[in-house]
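[1] heads up, no residue letters with this:
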């Protein structure tokens, strides 16, 4: 028979052994919480692992009891992110992403000619849904363009009902005698608006001056306007230097104002010269003088080599300089050979 003292002592040692085997604070589990969370647990106490919002459990147990050994069982529970629905394709646009897991963001952009109808980015929420909702790419359209004052539509073909699509163009023209300031062509831009519209302004030009030794003709009306034409001419023996016609421009000035240049009277009575690549007699070709701008080539002698060369002379507004090397052939010196008859050097 066991003595009462020995039985009491054995019970005390068993209590001490059992009391010393408490469980420590459980290991941390990524993206999970423990309830209740303490620094130690007595045998028989329970804990429950729960995945944080946005994560779901995969494998292993969630509930554990502190055993008499004081060692928690191996925990194979894993908390993984929720996955939102696939959103990698956006019609008429692109999606930029790394993954569709919580809590990642994805961004959106539309192709040229389309705009985002909705948000530019979405986040995968705790519930595994996209927030805000996935957008769509809508086609960019422009309403009918406003017509500037004093302008008309020259070329307008709406391609979406009464509206125009991105990069469609419209061409304007101004009413007669109104000048266009700006580009006559506007385009449907990426914001759904038209590029800058032109202006049509009334333009008047002063009466063009008559050139000295010439004349000018223009429309017989009180005011000369944009695109009106003036024509110029010169009196006999004068030549027009500049265009025969001038136009009233959008700046209110004439496109050009020509002048009349005088012809050149030649002091040479008789000579053979080159004119437009042909040998001509100066007394016949230019008996009334040379017109402004005409060029001739005089023959000169190279006495040492007994050959000839040519030097150019140019009529400029009544003045021509005869080359110093040219010697007019005298009829009295019939035995001398004219420079034009010598072999070219």
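    Yes, it's here. It should be emphasised that the depicted structure is a prediction, and the values quoted were computed from it without experimental measurement. Numbering: from 1, shown residues only.

[2] Looks like residue 44 contacts residue 65 (just checking).
    Yes: counting by CB atoms under 8 Å, a contact exists between residue 44 and residue 65, whose distance comes to 6.5 Å. Using the backbone N, CA and C atoms, a C-beta is placed for each residue, glycine as well.

[3] Those two - which one has more neighbours?
    Looking at residue 44 and residue 65 with other CB atoms under 10 Å, you find the greater number of neighbours at residue 65, namely 13 against 10.

[4] Just the buried residues of stretch 115-127, please?
    115, 122, 124 (16 or more other CB atoms under 10 Å).

[5] From these, which one has the minimum pLDDT?
    Of all the buried residues of stretch 115-127, the model is least confident about residue 115, whose pLDDT is 94.

[6] Quick check: bridge partners of that residue?
    The residues paired with residue 115 through beta bridges, assigned by DSSP bridges, are residue 138.

[7] swap in residue 110?
    residue 93.

[8] Enumerate every residue touching it.
    Contact analysis of residue 110 by CB atoms under 8 Å, 6 or more residues apart in numbering lists 90, 92, 93, 116, 137.

[9] how about 6 Å then?
    The contact partners of residue 110, taken as CB atoms under 6 Å, 6 or more residues apart in numbering, are 93, 116, 137.

[10] Can you lay out the residues you listed as a markdown table showing pLDDT and distance to residue 196?
    Converted to a markdown table, the contacts of residue 110 look like this (pLDDT from 0 to 100; distance: CB to CB, whole Å):
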| residue | pLDDT | distance to residue 196 |
| --- | --- | --- |
| 93 | 97 | 28 |
| 116 | 95 | 25 |
| 137 | 96 | 27 |
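
[11] Just send those residues back as JSON lines, with distance to residue 30 too.
    Conversion of the contacts of residue 110 to JSON lines gives the following (distance: CB to CB, whole Å):
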{"residue": "93", "distance to residue 30": "35"}
{"residue": "116", "distance to residue 30": "36"}
{"residue": "137", "distance to residue 30": "38"}
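
[12] Of these, just say which sits nearest to residue 73.
    residue 93 (51.0 Å; CB to CB).

[13] my read: the closest one touches residue 139, true?
    No: contact status for residue 93 versus residue 139: not in contact, 11.5 Å apart, counting by CB atoms under 6 Å.

[14] how close does residue 91 sit to residue 134?
    Counting by CB to CB, to the nearest Å, the separation of residue 91 from residue 134 is 11 Å.

[15] Who has more neighbours out of those two?
    Summary of the neighbour comparison: residue 91 and residue 134, criterion other CB under 10 Å, with residue 134 having more neighbours (17 against 9).

[16] pLDDT weak spots in this protein?
    By pLDDT under 70, the low-scoring segments of the chain are 1-20, 331-335.

[17] Point me to the helix or strand that includes residue 283.
    With elements taken from DSSP states H and E, the one containing residue 283 is helix 282-285.

[18] Give me the buried positions along that helix.
    Of the residues in helix 282-285, those buried (16+ other CB under 10 Å) are residue 282.

[19] Stretch 96-109 now?
    Counting neighbours by 16+ other CB under 10 Å, one finds that the buried residues in stretch 96-109 are 100, 102, 106, 108.

[20] what does stretch 150-158 give?
    Buried residues in stretch 150-158, counted by 16+ other CB under 10 Å: 150, 151, 158.

[21] In TSV, list the residues you listed along with distance to residue 339.
    Supplementary listing: the buried residues of stretch 150-158 in TSV, determined by distance: CB to CB, whole Å:
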residue	distance to residue 339
150	67
151	67
158	77
